[in-house]
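A.B. asks: Predicted model follows, preceded by the sequence.
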Amino acid sequence: MSVINTNISSLNAQRNLTTSGSALATSLQRLSSGLRINSAKDDAAGLAISERFTSQIRGLDQAKRNANDGVSMLQTAEGSLQSTGNILQRVRELAVQSSNATNSAGDRKAIQAEVGQLLSEADRIAQTSEFNGLKLLDGSFGTATFQVGANAGQTIQATTANFRTNNYGNNEVSTTAPATLATTATAYSVGSFALQGLATSSIAVAATDTAQTLASTINGASATTGVTASAKTEEAITLAAAGVYSLAVTSDNTGTPANVTFTVGAALNASGLASAVSAFNDVSSKTGVTAKLNDTNNGLILTNAAGNNITLANNSASASVTAASINAAGAVGTTASVITGATSTSMGYVSMNSDKGFSIGSSGSNAVGTGVAATLNTVSGIDVSTAKGSADALKILDSALANVNSQRASFGALQSRFETAVTNLQSTSENLSASRSRIQDTDFASETAKLTRGQILQQAGTAMLAQANSLPNGVLSLLRG
């Protein structure tokens with residue numbers, strides 16, 4: 001059909017040229033931007049999916065930074081606790097030094113001066129340790145929540161304790177040393193008591209128990225309760241007058257008494273009692289009982305460090321002996337007079353210790369009270385100016401070091417958890433980025449092929465459009481007639 005008003009071939013060529021031009025423009029845009037999806041029209045569903053991936057990836061990357069900040073904070077807190085632990089180790093060393101009998105009162109006072117300065121520094125560290133303005137060790141930090149995931153609820157919590165020196169130390173309960181009995185019978189009631197520590201454990205008490213066997217029973221449950229026990233038997237001995245004494249001593253040597261014979265001088269003082277001290281100590285390898293003068297040098301203190309009972313049988317012709325057990329506070333209990341042919345038995349006391357608080361529940365033994373809460377002997381109260389204070393300080397410092405080391409271990413475990421979280425976040429972010437890339441990024445191999453195709457079609461389309469536009473010229477031949 002020869003027409004000039006409507007050139008169908010030209011219209012067709014124009015349409016195809018527009019189509020190939022649009023395809024060429026799309027290829028050029030994708031190749032220049034590197035993105036397959038440059039607007040929602042390119043792939044509406046793909047755009048929605050890739051944006052969700054972007055939210056996750058950016059959230060994961062920020063969570064990774066959050067976790068690294070958590071590691072930094074924990075490293076700061078742990079470093080401060082390391083300094084505190086070093087101070088406590090030095091104070092413990094000084095307490096051991098002060099416990100030695102070669103130190104005079106002036107020496108111990110000088111040692112206490114250093115201890116006081118060190119503990120002041122430990123308290124200052126607890127007050128001033130901070131991260132980004134947050135106090136870490138003075139008890140105000142509480143529990144911190146770290147966002148370590150891209151979504152709500154993906155958190156890790158970190159907790160610190162109060163390491164002011166007046167807030168931690170040794171928690172202690174000591175049993176009452178039973179009265180010294182003028183028989184060989186024991187003084188514990190048969191029954192049990194509830195030891196409430198990390199968990200509650202029922203401690204059975206037998207009529208035949210000594211302080212040493214009761215402590216062993218308590219230590220058998222220490223994995224459950226977190227409470228350890230030590231036993232000690234101390235007995236105050238008063239001699240009636242000067243003269244010759246013969247005593248049969250039974251303690252570690254159950255069933256086989258060791259005879260102790262000595263002469264007391266005219267004066268009941270250090271000189272007059274020297275032979276008595278030597279006589280007890282000469283057989284201590286058998287009995288486990290050591291002797292020393294009391295603070296006023298007018299009597300003896302017998303000690304069994306293992307907590308076994310100390311039984312004395314008086315074989316003297318007429319000399320009388322008075323015996324009394326001593327409790328953990330150093331107080332002398334009810335006395336028993338050991339006359340010729342008589343026997344007395346002193347039982348020891350049990351000290352229960354823990355770096356955590358604990359209490360004693362219902363009790364069937366008169367050695368342990370009911371509803372007794374442990375007393376906290378704090379680090380700030382350490383005083384090594386006396387031999388007893390130095391010994392007490394060792395218990396406090398051991399518990400304090402356990403407390404510090406436990407918190408450091410918690411910080412270390414959290415650091416490992418944060419580092420594991422960072423590794424996981426990096427891996428997840430990498431995999432999500434790869435998934436997003438498959439949807440969003442340009443495939444250059446495919447797109448360059450499309451670009452070449454588009455360019456060729458554009459050139460061919462342009463040529464064909466020129467040919468189509470020249471077709472109506474054929475009508476002129478009809479008009480020439």
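C.D. replies: Received it, and whenever you're ready, just let me know what you need.
A.B. asks: what pLDDT, on average, does the one helix or strand residue 88 maps to get?
C.D. replies: Assigned by DSSP states H and E, residue 88 belongs to helix 44-98. The average pLDDT within helix 44-98 is 94.
A.B. asks: Quick check: mean pLDDT of the following helix or strand past that helix?
C.D. replies: Heading C-terminal from helix 44-98, the first helix or strand you meet, by DSSP H and E, is helix 105-128. Mean per-residue pLDDT for helix 105-128: 95.
A.B. asks: Show me what counts as buried in helix 105-128.
C.D. replies: Using 16 or more other C-beta atoms under 10 Å as the test for burial, helix 105-128 gives 108, 111-112, 115, 118-119, 122-123, 125-127. Using the backbone N, CA and C atoms, a C-beta is placed for each residue, glycine as well.
A.B. asks: for these, which one is nearest residue 347?
C.D. replies: Proximity of the buried residues of helix 105-128 to residue 347 (C-beta to C-beta) peaks at residue 108, which lies at 31.7 Å.
A.B. asks: Roughly how far does the nearest residue to that closest one once chain neighbours are set aside sit from residue 165?
C.D. replies: Nearest non-adjacent residue to residue 108, counting by C-beta to C-beta, 6 or more residues apart in numbering: residue 385, 4.7 Å away. Distance check for residue 385 against residue 165: by C-beta to C-beta, to the nearest Å, it reads 17 Å.
A.B. asks: Give me the more crowded residue out of the two.
C.D. replies: Using other C-beta atoms under 10 Å as the criterion, residue 385 and residue 165 rank with residue 165 on top: 25 against 18.
A.B. asks: Next up, the contacts around that one.
C.D. replies: The neighbourhood of residue 165, defined by C-beta atoms under 8 Å, 6 or more residues apart in numbering, consists of 119, 122-123, 126, 378-380.
A.B. asks: hang on, it in a strand?
C.D. replies: No - judged by DSSP: H, G, I helix; E, B strand; the rest coil, residue 165 forms no part of a strand; its state is coil.
A.B. asks: Need the phi and psi values for it.
C.D. replies: Torsion angles at residue 165 (phi, psi; degrees, to the nearest 10) stand at phi -70, psi -10.
A.B. asks: try the one 5 residues further on
C.D. replies: Main-chain torsions, residue 170, degrees, to the nearest 10: phi -110, psi 130.
A.B. asks: how much space between it and residue 381?
C.D. replies: Distance from residue 170 to residue 381, by C-beta to C-beta: 10 Å.
A.B. asks: quick one: which of these two has more around it?
C.D. replies: When residue 170 and residue 381 are compared for neighbours, residue 170 comes out ahead with 25 against 15, by other C-beta under 10 Å.
A.B. asks: Identify the nearest residue to that one in space, disregarding sequence-adjacent positions?
C.D. replies: Using C-beta to C-beta, 6+ apart, the closest residue to residue 170 is residue 399 (3.7 Å).
A.B. asks: residues touching that neighbour, list them.
C.D. replies: Contacts of residue 399 by C-beta under 8 Å, 6+ apart are 168-171, 353-355.
A.B. asks: please redo it, this time with the cut-off set to 6 Å
C.D. replies: 169-170, 355 (C-beta atoms under 6 Å, 6 or more residues apart in numbering).
A.B. asks: so what pLDDT did it get?
C.D. replies: 94.
A.B. asks: between the contacts of residue 165, which is closest to residue 83?
C.D. replies: residue 122 (8.2 Å).
A.B. asks: For residue 366, give me the pLDDT.
C.D. replies: Looking at residue 366, its pLDDT stands at 54.
A.B. asks: Likewise for residue 198?
C.D. replies: Each residue has a pLDDT score; the one for residue 198 is 91.
A.B. asks: SS state for it?
C.D. replies: Taken by three-state DSSP, the conformation at residue 198 corresponds to coil.
A.B. asks: list the contacts for it?
C.D. replies: The contact partners of residue 198, by C-beta under 6 Å, 6+ apart, come to 225-226.
A.B. asks: where does the stretch 151-300 of the chain dip in pLDDT?
C.D. replies: The stretch 151-300 of the chain contains residues with pLDDT under 70 at 177-179, 181-187.
A.B. asks: Just the mean pLDDT for stretch 440-457, thanks.
C.D. replies: Per-residue pLDDT over stretch 440-457 has a mean of 88.
A.B. asks: Stretch 333-343 too?
C.D. replies: Here the average pLDDT along stretch 333-343 is 73.
A.B. asks: And it, what's buried?
C.D. replies: Neighbour-count burial for stretch 333-343 [16+ other C-beta under 10 Å]: 333, 335-336, 338, 343.
A.B. asks: quick revisit: could you work out the most separated pair of the contacts of residue 165?
C.D. replies: Comparing all pairs in those by C-beta to C-beta, the longest separation belongs to 126 and 378, at 12.4 Å.
A.B. asks: any shared contact partners between those two?
C.D. replies: With C-beta under 6 Å, 6+ apart applied, the contact sets of residue 126 and residue 378 do not overlap.
A.B. asks: where does residue 344 fall, helix, sheet strand or coil?
C.D. replies: Here residue 344 is recorded as strand under three-state DSSP.
A.B. asks: Quick check, it in contact with residue 322.
C.D. replies: No - at 8.9 Å, residue 344 does not count as touching residue 322 under the criterion of C-beta atoms under 6 Å.
A.B. asks: hang on, the earlier thing: just flag the most distant two among the buried residues of helix 105-128.
C.D. replies: Farthest apart among the buried residues of helix 105-128 - using C-beta to C-beta - are 108 and 127, which lie 28.2 Å from each other.
A.B. asks: sorry, back to before: could you look up the SS state of the residue nearest to residue 170?
C.D. replies: Of the three states, residue 399 takes helix according to three-state DSSP.
A.B. asks: and what of the one 3 residues further on?
C.D. replies: When states are read from three-state DSSP, the local structure at residue 402 comes out as helix.
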